[in-house]
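Undergrad: Sequence isn't available, so here's the structure alone:
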């Protein structure tokens, strides 16, 4: 599974082949430590093996733990930070602004990293005040995924589940919702809030954060309208408590996934879920469509993770060589080939790997993804690739972590019935702007 990188192995040592990264770093046989990364699948292990060879005879110890902000800052304060950190690109600006991350200017120059290979939107997410602080990994696109069998069984078509017509979507969500013994048996349409609020905001013409990452726009009435509508979709399907409890019971990443079980008729979803379905439910009938605004214009919110080097790392040169290799086009292609071969041997479809490296994606989707005999997945992949033409990202911000927390907490207060959308977002605006102003004052 492409994104299940954190459910990985216990600590392992990636031992060297031959090669090296040049002099100047203390201890050629050093062992680098990581945070936020695990060896969950062949996409991770193939790349980690190649990166391990690039830093030989040094090694990397991978623990598989998720990124933990408090643990990271505590390690920085005690002068024992990990050498390599894998984290959400939306959070990067906060740690860069605090001086806890190493600007990659020297790394890029010394390792001759071709930054032109990375997607501009992904590179923008890791750039603060003109300095690059991370190298981007995956490139998560968001589209509408429809369970065709469930939709047709209710007398509707996939086209009836479209964000362009809000009233029609509400009606479809109600009709597609299934209930049993007073509780939900199928979610008709999952608007995926709080996670995907930026999509609903963009559909209502709202840019939640200014281009320079320093001014929040969370109190825009159009954003309150977007949140109010998204919540109304949940309300007509039984309310947040019932919908969330049912959703939390799903086996999203297994053979009894909600598409296979008929528990989910339509949802907003990341592109990588197509790989999950192709692996566990190759015969499922699913279709993809772009998320749109009310005029039908497609919108694709993209983000992902990045590799960064803490400022206190004692093995910066090896760390640089590691992240260069992990995100380089040949490495991605090798990992994609490993998955394609594994899927082919199992008689299953390979739906691709969407990376922050445009050069890698050209080869992956130009040569390795062959879905002529899998029309369902072929059409869905083509939809995702077209959606990339309408991609937008959240600007890098010196308070990116605090900004994200503010708007997500606001949505959660609305979903729990604690506040109305406008009130919750006004509070979020004050919290976010206070953090943004404080971060700016310390730059």
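TA: That came through, no problem. From a predicted model like this one, the values you see are computed outputs, not experimental measurements.
Undergrad: ok, so what distance separates residue 100 from residue 209?
TA: 21 Å (CB to CB, to the nearest Å). From N, CA and C alone the C-beta is placed, and that goes for glycine too.
Undergrad: of the two, who's got more company?
TA: residue 209 (25 against 20; other CB atoms under 10 Å).
Undergrad: Identify the bridge partners of the more buried one.
TA: Judged by DSSP bridges, the bridge partners of residue 209 are residue 216.
Undergrad: Quick check: pLDDT value at it.
TA: We have a pLDDT of 98 for residue 209.
Undergrad: Please apply the same query to residue 66.
TA: Predicted confidence (pLDDT) for residue 66: 87.
Undergrad: So it is in contact with residue 36, correct?
TA: Yes: proximity of residue 66 to residue 36 meets the contact threshold set by CB atoms under 8 Å, at 6.1 Å.
Undergrad: Comparing these two, which residue is more hemmed in?
TA: Higher neighbour count among residue 66 and residue 36: residue 36, with 23 against 14, using other CB under 10 Å.
Undergrad: Might you report the residue contacts of the more buried one?
TA: 6, 65, 66, 67, 85, 86, 87, 305 (CB atoms under 8 Å, 6 or more residues apart in numbering).
Undergrad: cool, and residue 268?
TA: Residue 268 neighbours (CB under 8 Å, 6+ apart): 142, 143, 144, 145, 190, 191, 192, 196, 199, 291.
Undergrad: same thing but 6 Å
TA: 142, 192, 196 (CB atoms under 6 Å, 6 or more residues apart in numbering).
Undergrad: Look up which residues are beta-bridged to the closest residue to residue 192 other than its chain neighbours.
TA: Nearest residue to residue 192, sequence neighbours excluded (CB to CB, 6 or more residues apart in numbering): residue 268, at 4.2 Å. Residue 268 forms beta bridges with residue 144, as assigned by DSSP bridges.
Undergrad: State the distance from residue 268 to residue 238.
TA: From residue 268 to residue 238 the distance is 18 Å (CB to CB).
Undergrad: again with residue 93
TA: 38 Å.
Undergrad: Please apply the same query to residue 63.
TA: For residue 63 relative to residue 238 (CB to CB), the value is 40 Å.
Undergrad: one step back: what about residue 93 and residue 238, which has more around it?
TA: residue 93 (29 against 18).
Undergrad: next SSE after the host helix or strand of the more buried one?
TA: Using DSSP states H and E, residue 93 sits within helix 92-97. Along the chain past helix 92-97, the next helix or strand (assigned with DSSP H and E) turns out to be helix 105-110.
Undergrad: Taking the centroid of the chain, which residue is nearest it?
TA: Using CA atoms, centre = their mean, the residue of the chain that lies closest to the mean C-alpha position is residue 304, 3.8 Å off.
Undergrad: per-residue pLDDT, residue 429?
TA: At residue 429, pLDDT is 98.
Undergrad: Next: residue 20.
TA: For residue 20, the predicted pLDDT is 32.
Undergrad: same check, this time on the one 3 residues further on
TA: pLDDT, the model's per-residue confidence, is 34 for residue 23.
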